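sequence and predicted structure are below.
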Amino acid sequence: MTVLVITGTGTEIGKTIVTAAVAATARGRSVAVLKPAQTGVAPGEHGDADEVARLAGVVTAVELARFPEPLAPATAARRAGMTPVRPRDVAEAAEKLAAEHDLVLIEGAGGLLVRFDDDGGTLADAARLIGAPVLVVAPAGLGTLNATALTTEALRARGLECAGVVVGSWPAEAGLAARCNLTDLPESAGAPLLGAVPEGAGSMEPADFRRLAPSWLAPVLGGSWTG
C-alpha cells in the first residue's frame, strides 16, 4: 500500500486524528500527508495537514488549496473566486509524493462524495484515478451503521476498494449502541473494523500520541489493536 485515501461518513468525526495515528504507526517509513482542499482556515492558520505533522512527527505535509469559509470545497472555492481542486490535481500530487515517500495519506474534506469542483469531481474520483484503497472513518454511536453502509456501498459501486473502517472517536464511557456497533460495523460496512481511536486523542502530547497510536490500529495498519 503506497497511497491510502482517508474519508469519513461525515465531518468532525476524527479523520485528521485517524490520519495522524496511521502516520505515527508507520514507523521506519517515510510518510507524506496530502490535504487536497482545506476549508474554513485562513492563510497562516494551522490546518489539518499541520495537525497531522504535529501529532505524528516527521511527515511531509502538503495542501493543494485553502479556502477561507467552512463549506464544501466546490462551494468554498466558488464563493472565494478561487480555482477549485480537481480530482486530477489530487492524483498528480499523490503520484509525485509516492515517488519520494513510502506511504502517502490523502485526507478528504467531509465525506466521500463532497464535491471538489462544479463539475462534480469528488474524493472518490481521485481515488479511482490513483487506484488507491479507501479507509473509512466513522463515529461510534447511533446512526453510524447506516452512514457507514452508504459510504462503503458508494465505494463498491465505483469499483473502489474499502481498506476497512476505523472509529474516529471512541468514548471513554461507551454506551450500549457504541459497544454493539463494534460487532455490527464490519457486517454493515462489508469491510473489517481496523481500529478505534480514543476520544480526546488529539489533545495528547505528541510524544504520548506517537507511543500509543499503534494500540489503536489493527496489524494491517501497522498496529496491535485486536478489538
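Arrived safely.

now the terminal residues of stretch 111-129, how far apart.
Between the start and the finish of stretch 111-129 there is a gap of 18 Å, counting by Cα to Cα, to the nearest Å.

I meant to write stretch 151-168 there.
Termini of stretch 151-168 sit 15 Å apart (Cα to Cα).

same thing with stretch 162-176?
Start and end residues of stretch 162-176 are separated by 27 Å (Cα to Cα).

show me the contacts for the most centrally placed residue in the chain.
By Cα atoms, centre = their mean, the mean C-alpha position of the chain lies nearest to Ile6, the distance being 2.9 Å. Neighbouring residues of Ile6 by Cβ atoms under 8 Å, 6 or more residues apart in numbering: 15, 18-19, 22, 105-108, 134-135, 137. In this view, the C-beta of every residue, glycine as well, is placed from N, C-alpha and C.

now do Ala149
188-190.

let's see 10 Å
9, 185, 187-190 (Cβ atoms under 10 Å, 6 or more residues apart in numbering).

same deal with Gly164?
Gly164 neighbours (Cβ under 10 Å, 6+ apart): 133-136, 152, 185-186, 189, 191-195, 217-218, 220-221.

with Gly14 as the reference, measure out to the residue of the chain positioned farthest from its centre.
Relative to the mean C-alpha coordinate of the chain, counting by Cα atoms, centre = their mean, the farthest residue is Gly81 (26.8 Å). Distance of Gly81 to Gly14, computed by Cβ to Cβ, to the nearest Å: 32 Å.

Arg88 now?
According to Cβ to Cβ, Arg88 and Gly14 sit 28 Å apart.

who has more neighbours out of these two?
Neighbour count, other Cβ atoms under 10 Å: between Arg88 and Gly14, Gly14 has more, with 25 against 12.

now the strands for this structure?
For the chain, applying DSSP state E gives strands covering 3-8, 31-39, 60-67, 103-111, 134-138, 162-170, 193-198.

now, of the contacts of Ala149, which are buried?
Neighbour counting by 16 or more other Cβ atoms under 10 Å classes 9, 185, 188-189 among these as buried.

okay if I get these as a markdown table plus distance to Ser203?
Converted to a markdown table, the buried ones among the contacts of Ala149 look like this (distance: Cβ to Cβ, whole Å):
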| residue | distance to Ser203 |
| --- | --- |
| Thr9 | 23 |
| Leu185 | 25 |
| Ser188 | 30 |
| Ala189 | 28 |
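
start and end of stretch 25-42, how far apart?
First-to-last distance for stretch 25-42 - Cα to Cα - comes to 30 Å.
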